[in-house]
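**Student:** Compute the structure for the input listed below.
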Amino acid sequence: MKELFAHSARPSLNISAQPYSEHIQNVIRQACKNVKGIARYFYEESQLLVDAVHLAAEFHDLGKLDTMNQNVLSSNSSEKRLPIHHWDAGVAHILNPSVNNLLAATLAYSHHVGLPDFQVERNNPAGFVLRDTTLGPCEKTIKEITDIEINNYLKLHSSVIQLKHQIGKNSMHFKLNPLLFRIALSCLVDADHGDTASNYGQMVPNQGPVLWPNERLALLNAHIEFLTKTNTGSRTALRRQVYEACRDADSQPGMYACDSPVGTGKTTAVMAHLLHVAAEKNLRRIFVVLPFTNIIDQSVETYRRALVGLGERAEDVVGAHHHKAEFEDAESRQFTFLWHSPIVVTTAVQFFETLASNRPASLRKLHQLPGSAIFIDEAHAALPAHLWPQGWRWLQELESQWGCHIVLGSGSLSRFWELEEFSNPPAIIPELVSSTIRDAASNYEGHRVQYQSKPDVLGLEELITWVQSLEGPRLLIVNTVQSAAVIASEIAKKFGQRTVEHLSTALCPRDRKRMLDRVKSRLDDEKDIHWTLVATSCIEAGVDLSFRTGIRERCSLNSLIQIGGRVNRSGKHKKANVWDICLRHGGLLRSHPAFDTSSRVLGGFIEHNYLKPEYCTEAMRNEVRSDGMRRISKEIVLAEQNLQFPLVAEKFHVIDSDTVTAIVDEELIKRLEEKEKVDMNLIQAMSVQIWGYQKGELALRPISGLPGMYGWSLLYDSFLGYMAGVLQVEAFKIQGGSVV
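**Tutor:** Numbers count the residues shown, from 1 in each chain. Now for the predicted structure:
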């Protein structure tokens, strides 16, 4: 019999075609390993989940056995597209009454095209659910071709694949909630993509070491003991109290709140709690979810210093997921960032948009999440208010149905779960730190800063002149990356480069780290006071920096309170000012429409002088009750309930635009184009995220052989990052030029 193939040969790389039996057996093996790793945390009958993933893994590529597809796969042709969409055959077989497993059929359907809209599928005629009715060869639909050839496919399949165990026939009595579909698909896609990459000699990430929570907690205890002995004072004693309270808290509740104020050491205190819980509940992984990518560098540095044992690679133990790196194309998948480390530090954007996604490349890493301890740090800033109703539901599901333990933390925690708009009935979450310790910390905080609002609307020149008159060093946070770059550039021109630093996501992670180190060094020099850090919101929370004065473009009450945590942090000055300002947008200064509602709410609170952390929850309520926000919240929740996966993915955007990965280092671009094996961490460190709609305008250069990955072609420097090139383009347009 003619040999059957799953993947075609690549003669230029001396790679033979992969046999169908080899690929299917490898995918079954890895997919079952993935699903068995999470099955013990699943709240329902775990064998049903294992069976569904096994069934989908065995038949996901059944349609590749079509004669027309085999002609392509067995040839050395450069043709990549198969004439018959191969996933339809697996769906047809699994939905057959003799098998009838809806979950498994959905996984087979989705492993290339993504999870479907079941509202649409429910309206299909009987026998057409999840089936491919697009037109194929010979003027027949894919469904028609599959229905004619399905028995032949199954004969060929059974000739090379021997089923190892009897699979349960029906999953219909599962509570088929959306998160179940996403996690199950993750198990299959990870196995499929991983085996394909291995076959073609591409990068296959290491699985990472074991968490070993007791051992890492011992390392952390020793680290804290050293810090306590080398630092004295009332704040050190307070931090030690917070640390011990968190570490020794009862592990039984599945969810905690931690609103210990700024500067009380939540980074290590909550980690001690998570490690203790992981040991008690036999959890697999710890996730630290941060609102801004800049905070990742500081937290990762702390964790790698405190939690890595002898002989371990710090990068393997603590993974840093800065920004989106997900690629659908087989050539680029090797650079998709996966959650393999026992401790994963990621952004709220990546965490929550993965939970919302319907795309295989994005969901591939999701199966690592069940059975984890999760810290949503600076929770007030993790999501826009209108996304929290659905975000909160996902966190509840992870805790109640997937064995996760969750801590919500912030120095100005909005207790949104107590509001009926988010949780009905309102939820009660125990506190991780006792009220006695929290009150002591809050009393210390109350004397540090004074919040004020400047009544004038400031243009660029007025802003710069006024900022220079304030006591320094100064922190100025604005709402857009472009505004930050424009202001920093103008200060440098007028007062000299030494008077300004700039920090935003316009810089790649490598340069952001260098800039953050430079800022810390300048802040340590008490004589170096005549300068301003111009930044975006990526610096407002969770970073251990202390300025003399803070200025915040109007955004939200939470944001204003948070910048207070970056001012007079040690309480050295009797009082320090934090200013709310409004900018006159136009020219190169840009507004951020996503902040219109929260800015309007803050304006009302300023009129009544409600500028304290205790008003943050009410401010959040007012934001989500605005007509536009309430409508979007309800649409997302309803779409999730109706299994409308594409609609949820479309509407649940923390950042309201699709982005692409652009490499800013020419040497790295060259290495990628020459097919060198490049560590995914290096891709993260040397890339930025650019709005997808600007690919042409900003002349992004596709990297040869890696679809979905681009090189930055305009000016990039270590001061303004990619905005150095963008501002040149914008200035050219203002002067009457046109950009093609």
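**Student:** By mean pLDDT, flag the weakest helix or strand of the chain.
**Tutor:** helix 435-445 (a mean of 65; mean pLDDT, DSSP states H and E).
**Student:** any idea which helix or strand comes after that helix?
**Tutor:** strand 449-458 (DSSP states H and E).
**Student:** Buried residues, that next one. List them.
**Tutor:** 449, 451, 453, 458 (16 or more other C-beta atoms under 10 Å). C-beta here means a position set from N, CA and C on the backbone, and glycine is covered the same way.
**Student:** for the third one, what are its contacts?
**Tutor:** Spelled out, it's residue 453. 579, 580, 581, 606 (C-beta atoms under 8 Å, 6 or more residues apart in numbering).
**Student:** Run through the bridge partners of the second one.
**Tutor:** Meaning residue 580. residue 453, residue 552 (DSSP bridges).
**Student:** What is the neighbour count of it?
**Tutor:** 25 (other C-beta atoms under 10 Å).
**Student:** and if you look at the third one?
**Tutor:** Around residue 581 sit 20 other residues, with neighbours defined as other C-beta under 10 Å.
**Student:** All the helices of the stretch 301-450 of the chain, in order from the start?
**Tutor:** When secondary structure is read from DSSP state H, counting those that start in this stretch, the stretch 301-450 of the chain shows helices at 314-317, 348-356, 360-363, 388-401, 435-445.
**Student:** Please spell out which residues along the first one are buried.
**Tutor:** Read it as helix 314-317. Buried-residue list, helix 314-317, by 16+ other C-beta under 10 Å: 315, 316, 317.
**Student:** hang on, the second one packs against residue 206?
**Tutor:** Yes: counting by C-beta atoms under 8 Å, a contact exists between residue 316 and residue 206, whose distance comes to 6.5 Å.
**Student:** hmm, back to that, residue 281: which of the helices of the stretch 301-450 of the chain is closest?
**Tutor:** helix 388-401 (11.4 Å; C-beta to C-beta).
**Student:** what helices or strands is that closest one leaning on?
**Tutor:** helix 178-199, helix 348-356, strand 372-376, strand 405-409, helix 616-625, helix 627-641 (3 or more C-beta pairs under 8 Å, 6 or more residues apart in numbering; DSSP states H and E).
**Student:** weakest of the ones you listed in terms of mean pLDDT?
**Tutor:** Here those differ in mean pLDDT, and the lowest is helix 616-625 at a mean of 77.
**Student:** which residues touch it?
**Tutor:** 380, 385-386, 388-389, 412-416, 418-419, 421-422, 556-558, 561, 597-598, 601-602, 604-605, 610, 629-630, 633.
**Student:** try it again with 7 Å
**Tutor:** 380, 385-386, 412, 414-416, 418-419, 421, 556-558, 561, 597-598, 601-602, 605, 629-630, 633 (C-beta atoms under 7 Å, 6 or more residues apart in numbering).
**Student:** quick one on the thing from earlier: tell me which of the helices of the stretch 301-450 of the chain lies nearest to residue 669.
**Tutor:** Here helix 360-363 is closest among these (C-beta to C-beta), at 21.3 Å.
**Student:** where in the stretch 201-350 of the chain is pLDDT low?
**Tutor:** 203-205, 232-235, 261-263, 292-295, 322-337 (pLDDT under 70).
**Student:** could you pull out the strands for it?
**Tutor:** Ranges of strands in the stretch 201-350 of the chain, per DSSP state E, counting those that start in this stretch, are 255-258, 285-290, 318-321, 343-347.
**Student:** now those strands as a markdown table including mean neighbour count and distance to residue 370?
**Tutor:** Conversion of the strands of the stretch 201-350 of the chain to a markdown table gives the following (neighbours: other C-beta atoms under 10 Å; distance: least, C-beta to C-beta, whole Å):
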| stretch | mean neighbour count | distance to residue 370 |
| --- | --- | --- |
| strand 255-258 | 23 | 15 |
| strand 285-290 | 26 | 9 |
| strand 318-321 | 26 | 17 |
| strand 343-347 | 25 | 13 |
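**Student:** In TSV: these, plus distance to residue 642.
**Tutor:** Converted to TSV, the strands of the stretch 201-350 of the chain look like this (distance: least, C-beta to C-beta, whole Å):
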stretch	distance to residue 642
strand 255-258	27
strand 285-290	27
strand 318-321	30
strand 343-347	28
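**Student:** and residue 575, which of these is closest to it?
**Tutor:** strand 255-258 (27.5 Å).
**Student:** got a list of contacts for that closest one?
**Tutor:** 246, 266, 270, 399, 406-409, 413, 429-433.
**Student:** And it, how far out from the chain middle?
**Tutor:** Relative to its chain's centre, strand 255-258 lies at 21 Å (C-alpha atoms, centre = their mean, to the nearest Å).
**Student:** do the same with stretch 548-562
**Tutor:** Worked out by C-alpha atoms, centre = their mean, stretch 548-562 lies 24 Å from the chain centre.
**Student:** can you check stretch 104-121 too?
**Tutor:** That offset, for stretch 104-121, works out to 23 Å (C-alpha atoms, centre = their mean).
**Student:** And for the closest residue in space to residue 40 that isn't next to it in sequence, the neighbour number?
**Tutor:** Using C-beta to C-beta, 6 or more residues apart in numbering and skipping the chain neighbours, the partner closest in space to residue 40 is residue 46 (6.6 Å). Per other C-beta under 10 Å, the neighbour tally for residue 46 reads 15.
**Student:** begin at 43 from here
**Tutor:** Fine by me, first position is 43 from now on; the one you just mentioned is residue 88.
**Student:** gap between residue 88 and residue 171?
**Tutor:** 26 Å (C-beta to C-beta, to the nearest Å).
**Student:** picking that back up, you'd agree the residue nearest to residue 82 is up against residue 81?
**Tutor:** Yes: Residue 88 lies in contact with residue 81 (C-beta atoms under 7 Å); the separation is 3.6 Å.
**Student:** ok, residues contacting stretch 340-352?
**Tutor:** Outside stretch 340-352, the residues touching it (C-beta under 7 Å, 6+ apart) are 257-258, 261-262, 265, 309-310, 313, 330, 332, 356, 359-360, 362, 385, 387, 585-586.
**Student:** Distance to residue 569 and mean neighbour count for the helices and strands packed on helix 430-443 - can I get that in JSON lines?
**Tutor:** Below are the helices and strands packed on helix 430-443 laid out as JSON lines (distance: least, C-beta to C-beta, whole Å; neighbours: other C-beta atoms under 10 Å):
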{"stretch": "helix 220-241", "distance to residue 569": "54", "mean neighbour count": "24"}
{"stretch": "helix 390-398", "distance to residue 569": "38", "mean neighbour count": "23"}
{"stretch": "strand 414-418", "distance to residue 569": "38", "mean neighbour count": "25"}
{"stretch": "strand 447-451", "distance to residue 569": "35", "mean neighbour count": "25"}
{"stretch": "helix 658-667", "distance to residue 569": "36", "mean neighbour count": "21"}
{"stretch": "helix 669-683", "distance to residue 569": "47", "mean neighbour count": "16"}
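**Student:** That concludes my questions; thank you for your assistance.
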